[in-house]
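In: compute the structure for the input listed below.
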Amino acid sequence: MLRTTTLRKVLLIGLLTFLITSQAGTVSAGTNVWTSNGPEGGAILALAIDPMTPTTLYAATHDGGVFKSTNGGGAWSAVNTGLTNRYTVYALAIDPTTPSTIYAGVFGGVFKSTNGGGNWSAANTSLPYTYVDALAIDPTTPTTLYAGTLNGGLFKSTNGGGAWSAVNTGLNSTNVAALAIDPTTPNTLYVGNGVGVIKSTNGGGNWSEVNTGLTDWHTVTVNALAIDPMTPSTLYAGTETDGVFKSTNGGGNWSKLDIFLTCTSCTNVRTLAIDPATPSTLYAGTYGGGVFKSTNGGGNWSAFSTGLTNTYVQALAIDPTTSSTLYAGTWGGGVFAIQQIPALAINYSSGAPGSYFTITGSNFPPSSIATISINGNISGTVLTNSSGGFIFLLKTSLTTDEGFYRVTVSVNTSAGTQFTLDAEDDVRPQEGSETVFVVPDGIAYHVVYLPLIVK
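Out: Numbers count the residues shown, from 1 in each chain. Alright, predicted model coming up:
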């Protein structure tokens with residue numbers, strides 16, 4: 001049923017189309033679903049993002065060297081000139097203050113580029129000829145970096161890879177699988193290896209085990225370490241057989257996070273990533289189980305693999321300026337990307353006056369107050385949960401005007417959906433017992449169809 005009312009309620013059909021498309025946004029590839037971004041068929045071992053130009057990222061591959069993208073993974077090209085040991089690259093690290101300087105860990109040592117991968121040269125003085133599986137850069141003094149090796153222990157350079165020296169005193173294993181540096185106290189660093197987690201508080205001068213609470217720490221392999229950037233005493237360890245552990249006192253004690261581990265392959269955690277803007281949000285990449293997400297510091301987890309056609313995840317990287325964008329490097333499937341944006345869903349697109357409509361929100365900032373607007377009129381607020389979701393009901397009465405209604409929910413960002421009221425539709429019953437907001441009378445939008453004039 002169509003009718004005209006006062007001018008404020010009348011919209012031309014073209015303006016209505018603009019309203020729907022401009023407020024709802026366009027859904028592009030990778031929006032709330034993982035999409036493959038290449039390199040096609042690549043077995044990815046590490047990812048690194050330029051902190052100043054985050055659309056530039058690098059992928060370390062098995063048998064393919066280093067690949068680079070300058071458009072957020074839309075296209076990739078090999079950047080291997082001078083990378084003589086380029087067949088397999090195990091680790092990457094970017095200088096945070098001069099991101100054109102990059103380091104690559106390979107079998108045979110470390111290579112360095114000072115022009116964004118344009119050329120590489122060996123930076124191996126005093127390094128053993130072995131696998132370099134982990135690299136880490138001091139965030140306050142980027143000429144200081146560490147290289148973790150297979151069977152050679154840990155090495156340190158204080159001149160940008162010009163020369164290296166062993167820093168293994170107290171290190172209980174010469175195999176280093178993971179490295180992490182405290183961002184506020186960079187002399188504090190952690191090593192993950194086949195016998196748990198080891199800690200140094202003097203830049204690698206001495207090491208001591210910090211394994212209290214780690215299940216079977218003497219046999220567990222720690223493949224991944226991640227430090228909360230705002231509270232560095234909180235860190236996470238991803239293990240090969242026991243999932244994820246968390247410490248809130250700098251490794252003094254660990255507790256196991258009984259998270260997503262409903263399948264055997266889900267316990268093999270290869271990589272961890274923490275949202276730099278909201279560190280209570282973190283991701284775990286598993287070898288065979290895909291990606292899992294927590295929005296409350298590991299307290300609860302949910303599968304986060306929609307669209308991820310390859311679930312053997314070896315690397316994760318978060319855009320440092322837009323942390324809703326996440327990349328996953330897989331074994332044999334290349335790089336996938338996802339952009340998480342707020343979204344609203346509605347159970348019915350239309351109904352007769354007297355209907356109820358259920359609105360479900362996702363990907364909003366967690367534990368935040370969201371404002372609900374209907375056709376530009378504020379109707380109330382709803383609290384998002386720890387996962388950034390919510391549900392509420394909209395109630396219409398028998399006297400609510402027929403027409404078009406646009407529902408918008410906003411925190412810092414917003415999302416929208418819409419419904420129409422038409423007496424010729426069915427009355428939609430109330431579904432659920434969530435908070436109910438009443439749709440006020442007198443705010444409906446209506447469509448006027450103008451005659452088509454052809455000359």
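In: and the host helix or strand of Leu47, how far from the chain's centre?
Out: Leu47 belongs to strand 44-49 when assigned by DSSP states H and E. Distance of strand 44-49 from the chain centroid (CA atoms, centre = their mean, to the nearest Å) equals 14 Å.
In: pull out the CA atoms of it and give them to me as CSV.
Out: Only the C-alpha atoms of strand 44-49 are listed here, as CSV (Å, rounded to 0.1, in the frame of the first residue of the first chain):
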residue,chain,number,x,y,z
ILE,A,44,53.3,-19.2,3.8
LEU,A,45,55.6,-19.4,6.9
ALA,A,46,55.6,-15.8,8.1
LEU,A,47,53.9,-12.4,7.4
ALA,A,48,55.0,-8.9,8.1
ILE,A,49,53.2,-5.5,7.7
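In: touching, Ser200 and Thr188? I think so.
Out: Yes - counting by CB atoms under 8 Å, Ser200 does reach Thr188; the two are 7.1 Å apart. C-beta coordinates here come from the backbone N, C-alpha and C atoms, glycine included.
In: contacting residues around Pro353?
Out: Thr396, Ser397, Leu398, Thr399, Thr400, Asp401, Glu402, Leu421, Ala423, Val427 (CB atoms under 8 Å, 6 or more residues apart in numbering).
In: so which two of those residues are the farthest from each other?
Out: Asp401 and Val427 (15.6 Å; CB to CB).
In: more crowded one of the two?
Out: Asp401 (19 against 13; other CB atoms under 10 Å).
In: show me what contacts that one?
Out: Residues near Asp401 by CB under 8 Å, 6+ apart: Thr5, Pro353, Leu421, Asp441, Gly442, Ile443, Ala444.
In: so which of these wins on neighbours?
Out: Leu421 (22 neighbours).
In: low-scoring stretches of the stretch 101-250 of the chain, by residue?
Out: 216-219 (pLDDT under 70).
In: now the strands for it?
Out: 102-106, 109-113, 121-122, 132-137, 145-149, 154-157, 165-166, 178-181, 189-193, 196-200, 208-209, 222-227, 235-239, 244-247 (DSSP state E, counting those that start in this stretch).
In: the residue sitting nearest the centre point of the chain is in what secondary structure piece?
Out: The residue lying closest to the centre of the chain (CA atoms, centre = their mean) is Leu326, at 3.7 Å. For Leu326, the element it lies in under DSSP H and E is strand 325-330.
In: in terms of secondary structure, what does that strand contact?
Out: strand 44-49, strand 313-318, strand 334-339 (3 or more CB pairs under 8 Å, 6 or more residues apart in numbering; DSSP states H and E).
In: hmm, back to that, shared neighbours of Ser200 and Thr188, anything?
Out: Between them, Ser200 and Thr188 share no contacting residue, judged by CB under 8 Å, 6+ apart.
In: hang on, the earlier thing: any idea how far Pro96 is from the residue nearest to the centre of the chain?
Out: From Leu326 over to Pro96 the distance is 19 Å, taken as CB to CB, to the nearest Å.
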